[in-house]
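>>> Sequence and predicted structure are below.
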Amino acid sequence: MLKSTYTTETIDRLFLELSQFTQATTAKELLLQAEISRSADELARLRAGIEAALVEITETAKGSITLGQHTAMDSGYKTGMRIAADIVRKHTGVTK
């Protein structure tokens, strides 16, 4: 029969290694964290673009900017929505 004797120092070292292992981040978790970070950055970029687009749409709706042969105030609902959508696309880079 084998006889094992563990000192307090050995036991402490084993518990330390075990705690480091249980707190380790997996590769999948690292990938998910990176994706969350990229998504948060993209969301911030889109929010900024939408805010800029809303400012431009508001200015356009006041008739201060003429778009083609129409202004947003007199062009009708569909044309006005197309104008607003174009402005949002311009500021966010989203195509659809």
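In hand now; what should we look at?
>>> And the helix ranked longest in the chain, what's buried?
Secondary structure of the chain per DSSP state H: the longest helix is helix 27-61. For helix 27-61, the neighbour count (16 or more other CB atoms under 10 Å) marks 49, 53, 56, 57, 60 as buried. Glycine gets a C-beta too; all of them are placed from N, C-alpha and C.
>>> And for stretch 88-96?
In stretch 88-96, counting by 16+ other CB under 10 Å, buried: 88, 91, 92.
>>> Tell me the one among those residues nearest to residue 27.
The shortest gap between residue 27 and any of the buried residues of stretch 88-96 belongs to residue 92, at 32.4 Å (CB to CB).
>>> these two touch, right, that closest one and residue 54?
No: the pair residue 92 / residue 54 is not scored as a contact, 11.3 Å apart, by CB atoms under 8 Å.
>>> Show me what stretch 11-28 is in contact with.
By CB atoms under 8 Å, 6 or more residues apart in numbering, the surrounding residues in contact with stretch 11-28 are residue 33.
>>> what residue lies at the spatial centre of the protein?
Residue closest to the average C-alpha location in the chain (CA atoms, centre = their mean): residue 40, at 2.4 Å.
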